[in-house]
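Enquirer: build me a model:
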Amino acid sequence: MDRKEEIVMCNNDKEMFGLCTDPKNYNPDTDVFEYFIGVTVSSCESIPEGMVYRKIPANTYVNFTFKGTAANAGSVHSYLYSTWLRENEYKLCDLYNLEIYGEEFKGPESEESITDICFPISAKISQ
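Expert: Modelled structure (predicted):
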C-alpha cells in the first residue's frame, strides 16, 4: 500500500484489492498461501521493480461484506465453508479470493472498516 503511487497505470485510486491464492488441495496446517495487495491497471507494461502483475479471470462471485478489523476476515471464511456452501447450489471454482478495500476501508486495525471478500463460484452439477 505504501508504494501505490508508483503504479502510474492505476485505473482507480480509491480502491485496492487483496488477492489470496491457495495451492491445490490446500491444507492450512502445512501449506502457505500467497497474498498480494494490488490495484486495477490499464496495462501490464511498466510494472515497478519488485511488483508483479496478476490477471484475475472473469468469474461469478459470492460477495460477503464485513465491518471491523482484518482479523474478522476469518469468520467470513468459516461461514463460507461451514454454512454458505452447504446451503447453496454452488461450489468454489478456483483457488483464490479477493478482498476489496474501497473508500469505507479505514485500515486493517479499524473497527469501522468495511471490507468485501469475493469467492469465485460455479453451479454444482446435480447427479
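
Enquirer: please name the bridge partners of the spatially most central residue of the chain.
Expert: Against the mean C-alpha coordinate of the chain, by C-alpha atoms, centre = their mean, the closest residue is Leu98 at 1.4 Å. Under DSSP bridges, the beta-bridge partners of Leu98 are Leu19, Cys118.

Enquirer: wait, it sits on Gly18?
Expert: Yes - under the contact definition of C-beta atoms under 8 Å, Leu98 touches Gly18, with a separation of 7.0 Å. For the C-beta atoms, the positions are set from N, CA and C on the backbone; glycine is no exception.

Enquirer: shared neighbours, those two?
Expert: Residues touching both Leu98 and Gly18 do not exist when contact is defined as C-beta atoms under 8 Å, 6 or more residues apart in numbering.

Enquirer: what sits against the residue nearest to the centre of the chain?
Expert: Residues in contact with Leu98 (C-beta under 8 Å, 6+ apart) are 17-20, 56, 61, 117-118.

Enquirer: so among those, which ones count as buried?
Expert: In the contacts of Leu98, burial by neighbour count holds for 17-18, 20, 61, 117-118, counting by 16 or more other C-beta atoms under 10 Å.

Enquirer: quick check: the residue nearest to the centre of the chain vs Ile125, distance?
Expert: From Leu98 over to Ile125 the distance is 25 Å, taken as C-beta to C-beta, to the nearest Å.

Enquirer: helices or strands next to the longest helix seen in the chain in the packing?
Expert: The helix spanning the most residues in the chain, taking DSSP state H as the definition, is helix 73-79. For helix 73-79, the packing partners by 3 or more C-beta pairs under 8 Å, 6 or more residues apart in numbering; DSSP states H and E come out as strand 60-67, strand 114-123.

Enquirer: how does it look with 10 Å?
Expert: Using 3 or more C-beta pairs under 10 Å, 6 or more residues apart in numbering; DSSP states H and E, the elements in contact with helix 73-79 are strand 16-21, strand 60-67, strand 96-101, strand 114-123.
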